[in-house]
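# Fold the following.
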Amino acid sequence: MKRPARLPLWTLPLVSCHSTAELSLPDLKGSASIVVATVQDRRVLDLHAARAEDATAILPSFAERDGSSTRIMAFGFGCSLSTLGLGDGRLELVPEAEATLSLPRPRAAFQTDPAHDQVWVPVEDESTVSSVLSRAPTPSENLCRLRSGKWRASREIELTTSDDLTTLAVEEDADHLLLALADGRFFRVGASGTTEQLTELSTSTPHHAGLRDATGQLWLVSADGRVAKGTVESGFEIDEVRNSTAAYRFMALALSPNADELYTLGDSGTLERYRAGSGWTVLARRPFALGADIRDIYYPSVIWVGPERVLASGAGPIAAVTEVSGAVVTHHDLGRGLVTGVGALPPNRAIAGTRFGGLALWEGGEFSRLEPRVAQGVPFGMSIRIFIPDGDGFILGRQSPVASFLARYSEPVGAICDAGLQTNPFTEHIKKVGDRIFVVQRAQSDAIQVEVLVFEREGEVPSCALD
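Presented below is the predicted three-dimensional model:
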């Protein structure tokens with residue numbers, strides 16, 4: 001059977017009832033592969049893919065689809081067809097009801113109306129690009145492979161033996177984590193495997209929270225509210241002021257960028273603000289104690305979102321995120337059950353998690369539901385309380401003596417992917433330290449052995465997918 005004649009991609013004859021014209025494709029910015037779509041009245045009629053150097057041989061004539069509502073779209077990608085998971089030539093369209101975008105953002109996207117002016121113009125509407133490219137058949141693993149890198153455990157460090165909780169874990173610098181136990185001991189753990197007990201910081205008063213500010217100074221808060229500010233090398237200034245309620249086990253901490261507002265929220269449910277010279281001020285308080293059935297899934301959390309403005313979980317109704325702005329307290333009921341954590345995301349956004357895996361994005365002062373796709377095999381759906389910004393997404397998960405997990409949310413494709421971050425049921429802290437992630441946990445073979453796992457990136461997203 002004789003194959004129908006094919007017309008070159010770069011010069012597509014356009015037939016109308018009046019004349020024939022030639023169309024040259026736009027500059028697709030040095031793309032390695034090209035996808036061309038024929039779209040009519042928002043319906044994708046067909047898709048073709050080719051290597052850039054072979055493009056002249058792979059597309060059928062579009063002239064026979066001449067019509068006032070027909071558009072030709074051309075998308076250029078930095079990745080090869082094999083990296084994209086696309087075949088060469090005509091692609092079988094994914095049914096519209098099953099369409100899922102798993103291709104990276106194209107480096108160039110243009111469209112033209114061949115029945116009229118034959119002028120290529122950029123496709124500005126990203127939803128149009130997404131709806132067209134989502135019809136391309138790609139392997140299921142593309143959803144995460146091209147948008148979410150993985151991590152691997154590079155080191156396992158045995159730290160000490162203790163029945164006491166590790167109450168504090170804070171990034172000291174790009175290579176070191178500072179840890180404190182409930183018995184008052186401090187340790188410095190290096191990414192290279194070094195460990196050091198810091199006797200000059202060890203006290204009988206447990207420190208329950210800490211963070212590092214933009215200048216590199218550490219802020220440590222003791223169980224009863226004393227504030228220490230400084231560095232391990234230069235020492236700490238200690239403000240002996242006490243807060244109104246002590247933390248029982250856990251305390252969350254937030255600091256404004258210029259370090260003039262420090263906020264704490266303990267598991268007692270009292271949210272307070274500290275200012276040097278004026279001490280602590282109570283801003284909100286949960287009016288009831290937590291039942292034993294939810295203590296394991298609830299950890300306090302608080303983040304700074306603007307001058308005298310914070311978001312917190314655990315300072316009010318358990319199904320709401322509490323917002324304090326000046327003297328105004330607002331409770332945002334997410335309608336998805338108990339709120340288990342809230343985390344900061346750039347730029348000036350926040351993400352909240354709920355008991356059964358619900359997510360809500362805070363942007364522009366309002367919460368909206370996030371409905372992510374979940375890659376096959378990811379242990380998602382448990383109470384989420386850990387959020388760590390990570391490039392174009394964030395690490396999310398939970399640490400718990402019942403069940404721990406870590407995964408990664410990729411914003412470009414709205415998917416939760418396997419991050420390669422293993423945890424065990426005895427995980428106590430998870431922190432980003434420079435470009436690494438430190439997991440503080442108890443050895444499964446010995447519950448009093450404190451160990452630290454260091455994870456580094458492995459299997460980065462292909463650079464061509466980041467154009």
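# check contacts around the residue most central in space within the chain.
Closest to where the C-alpha atoms of the chain average out (Cα atoms, centre = their mean) is residue 394, at 1.4 Å. Listed by Cβ atoms under 8 Å, 6 or more residues apart in numbering, the contact partners of residue 394 are 343, 345, 351, 387-388, 408-409. Using the backbone N, CA and C atoms, a C-beta is placed for each residue, glycine as well.
# what's the pLDDT at it?
As predicted, residue 394 sits at a pLDDT of 92.
# next one: the helix or strand encompassing it to chain centre, how far?
Per DSSP states H and E: residue 394 is located in strand 393-398. Centroid displacement of strand 393-398 relative to its chain, using Cα atoms, centre = their mean, to the nearest Å, is 6 Å.
# Which neighbours in the sheet does that strand have, and how are they oriented?
Sheet pairing here is set by DSSP bridges, and for strand 393-398 it gives strand 386-390 (antiparallel), strand 405-410 (antiparallel).
# I'd like those as TSV, with mean pLDDT and mean neighbour count appended.
Listed next are the strands paired with strand 393-398 as TSV, based on pLDDT from 0 to 100; neighbours: other Cβ atoms under 10 Å:
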stretch	mean pLDDT	mean neighbour count
strand 386-390	91	20
strand 405-410	87	24
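# right, so of those strands, which gets closest to residue 309?
With Cβ to Cβ as the measure, strand 386-390 is the member of the strands paired with strand 393-398 nearest residue 309 (18.3 Å).
# Pull the residues that contact that closest one.
341-346, 351, 353, 394-399, 406, 408, 430-432, 437.
# How far off centre is it?
Relative to the mean C-alpha coordinate of its chain, strand 386-390 is positioned 5 Å out (Cα atoms, centre = their mean).
# Assess the claim that residue 134 and residue 99 are in contact.
Yes: at 4.0 Å, residue 134 counts as touching residue 99 under the criterion of Cβ atoms under 8 Å.
# got a list of what residue 350 touches?
Per Cβ under 8 Å, 6+ apart, neighbours of residue 350: 303, 305, 311, 342-344, 361-363.
# Just the buried ones from these, in PyMOL syntax?
To isolate the buried members of the contacts of residue 350 in PyMOL, using 16 or more other Cβ atoms under 10 Å:
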select buried, resi 303+305+311+342+343+344+362
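# now, which of the contacts of residue 350 sits nearest residue 120?
Nearest member of the contacts of residue 350 to residue 120, counting by Cβ to Cβ, is residue 363, at 33.8 Å.
# Show me what that closest one is bridged to.
residue 366.
# Partner strands of the strand or helix carrying residue 283, with direction?
Applying DSSP H and E as the criterion places residue 283 in strand 279-285. Paired with strand 279-285 in the same sheet, following DSSP bridges, are strand 270-275 (antiparallel).
# residues in contact with the strand it pairs with?
Contacts with strand 270-275, where a contact means Cβ under 8 Å, 6+ apart, come from 225, 227, 241, 243-245, 260-265, 280-286, 302, 308, 310, 312, 315, 322, 324.
# Give me the subset of those residues that lies in helices.
Secondary structure from DSSP state H places none of the contacts of strand 270-275 in helices.
# possible to save the contacts of residue 394 as TSV with distance to residue 219?
TSV is the format used below for the contacts of residue 394 (distance: Cβ to Cβ, whole Å):
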residue	distance to residue 219
343	18
345	21
351	23
387	20
388	19
408	28
409	28
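# Check the gap between the closest residue to residue 54 other than its chain neighbours and residue 46 for me.
Ranked by Cβ to Cβ, 6 or more residues apart in numbering and with sequence neighbours excluded, the top spatial neighbour of residue 54 is residue 88, at 7.4 Å. According to Cβ to Cβ, to the nearest Å, residue 88 and residue 46 sit 15 Å apart.
# same check, this time on residue 189
Distance of residue 189 to residue 46, computed by Cβ to Cβ: 57 Å.
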